[in-house]
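Engineer: Below are the sequence and a predicted model for it; my questions follow.
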Amino acid sequence: MVNSRPLVNQSSFDILNCKRRLDQFFIYANINTKQVLLTIGRNLKSRYLKQIKDVKLRPHKIRRDFWKPIIAVTGFSSYGSVTATHNAIRDKLDTYPKPPNYKQIARKIRQIEDMDQIDKSICNLCYALNKLGLKGMENNETSRIKIFWERETLKDVPAKKAGLEWPRFVVHKKLFLDRGRLMINNEFGPKPFKVRQAYKEEKLKEKARKLEERLKRIQLKREKSGIKSIGVMNRLLLGGKSMSKNKTNASGPSSISESDH
């Protein structure tokens, strides 16, 4: 089945969904278990807990005081780059190889190791961004992806754990948090008023365009059926309804009178 939804071009991507900021990607970590959740846009919702496949290790609900952002990524050139990064990290987390002696490790220790996904997700992020460069979705000349780190030492994890290097189009910055979990960098605030206003105007233009296309389709149907005006069509429809009502009214009393006799 062919997807009829139009692709998002660059101009509309720049002002796409200003409230949710779909051009940004975040990794949240649980301060107790070190489990991670991936989000496109900064909002953390309970349905994201389904990313944790093991039901026994999955929290029942989001406790916002237990989750904090450790990585924030912005500067993607397209929505496809954002989703590709999200999916690549999630897929590799789900299929991460186990050590050879995994079954011999005590169950409680295994659970603790399985829940610790911070280093794994960082290595997977480095892998996903390199993959974007290989596919041509991002390039060293025009792309400038910024990664904001809650702890700047975490950016060295891919080199130490997996021997991976960050692409040249990546810039590393510090992620500032208020009360340990609220991002206060300017990049993660609401978009400027002009951008939000442009988004609203574009939505209104799109709505008017769809209405105009619908009216044209109605006009073509009327021309094919030989009806030249909407008024004639309405009169025909209403006339048919009134005639059917008159017939029912006429048949009603006669049937009653016959039954009385």
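Structural biologist: Arrived safely. Everything numeric here is computed off the predicted structure, so don't read it as measured data. Residues are numbered from 1 along each chain as shown.
Engineer: For the rest of this, base every contact and every neighbour count on C-alpha atoms.
Structural biologist: Fine.
Engineer: Show me where the chain has its helices.
Structural biologist: Taking DSSP state H as the criterion, the chain carries its helices at 10-14, 79-94, 107-115, 118-135, 157-161, 193-225, 230-260.
Engineer: mind checking how far the third one is from the chain centre?
Structural biologist: In terms of Cα atoms, centre = their mean, to the nearest Å, the centre of helix 107-115 is set 31 Å apart from its chain centre.
Engineer: how about that helix: buried residues?
Structural biologist: For helix 107-115, the neighbour count (16 or more other Cα atoms under 10 Å) marks Asp114, Met115 as buried.
Engineer: Ok, the longest one next?
Structural biologist: Of the residues in helix 193-225, those scored as buried under the neighbour-count criterion (16+ other Cα under 10 Å) are Arg196, Tyr199, Gln219.
Engineer: Rebuild those as TSV, extending it with pLDDT and distance to Leu211.
Structural biologist: Output for these, formatted as TSV (pLDDT from 0 to 100; distance: Cα to Cα, whole Å):
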residue	pLDDT	distance to Leu211
Arg196	71	23
Tyr199	75	19
Gln219	86	12
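Engineer: Name the residue closest to the centre of the chain, please.
Structural biologist: By Cα atoms, centre = their mean, the chain has its centre lying nearest to Ile40, at 5.7 Å.
Engineer: separation between that one and Ile105?
Structural biologist: 35 Å (Cα to Cα, to the nearest Å).
Engineer: Contact partners for Thr39?
Structural biologist: Residues in contact with Thr39 (Cα atoms under 8 Å, 6 or more residues apart in numbering) are Phe25, Phe26, Ile27, Tyr28, Tyr48, His86.
Engineer: Point out the ones among those residues that are inside strands.
Structural biologist: By the criterion of DSSP state E, membership of the contacts of Thr39 in strands covers Phe25, Phe26, Ile27, Tyr28.
Engineer: The last one: what's it in contact with?
Structural biologist: Applying Cα under 8 Å, 6+ apart, one finds that Tyr28 lies in contact with Val36, Leu37, Leu38, Thr39, Trp67, Lys68, Pro69, Ile70, Ile71.
Engineer: Lys92: neighbour count?
Structural biologist: Counted with other Cα atoms under 10 Å, residues neighbouring Lys92 total 17.
Engineer: before we move on, what about Gly136?
Structural biologist: Gly136, neighbours per other Cα under 10 Å, totals 10.
Engineer: mind checking how far the nearest residue to Asp116 once chain neighbours are set aside is from Glu113?
Structural biologist: Spatial nearest neighbour of Asp116, excluding adjacent residues (Cα to Cα, 6 or more residues apart in numbering): Lys34 at 4.7 Å. Lys34 sits 9 Å away from Glu113, going by Cα to Cα.
Engineer: Below-threshold pLDDT in the stretch 1-150 of the chain: ranges please.
Structural biologist: 1-21 (pLDDT under 70).
Engineer: Show me how the record splits the protein into domains.
Structural biologist: Using automatic domain parsing, the domain parsing of the chain gives 10-190, 199-252.
Engineer: Is it correct that Arg151 is in contact with Ala72?
Structural biologist: No - applying Cα atoms under 8 Å, one finds Arg151 not in contact with Ala72, separated by 11.5 Å.
Engineer: per-residue confidence at Ser259?
Structural biologist: Reading off the confidence values, Ser259 has pLDDT 44.
Engineer: go on, Leu175?
Structural biologist: 95.
Engineer: Just read off the phi/psi values of it.
Structural biologist: The phi/psi pair for Leu175 (degrees, to the nearest 10) reads phi -100, psi 120.
Engineer: So it sits against Glu150, correct?
Structural biologist: Yes - with contact defined as Cα under 8 Å, Leu175 counts as touching Glu150 (4.9 Å).
Engineer: Now list whatever residues contact both of the two.
Structural biologist: With Cα under 8 Å, 6+ apart as the test, Leu175 and Glu150 both reach Ile70, Ile71.
Engineer: Of all the residues in stretch 148-159, which ones are buried?
Structural biologist: Buried residues in stretch 148-159, defined by neighbour count with 16+ other Cα under 10 Å: Phe148, Trp149, Glu150, Lys155, Val157, Pro158.
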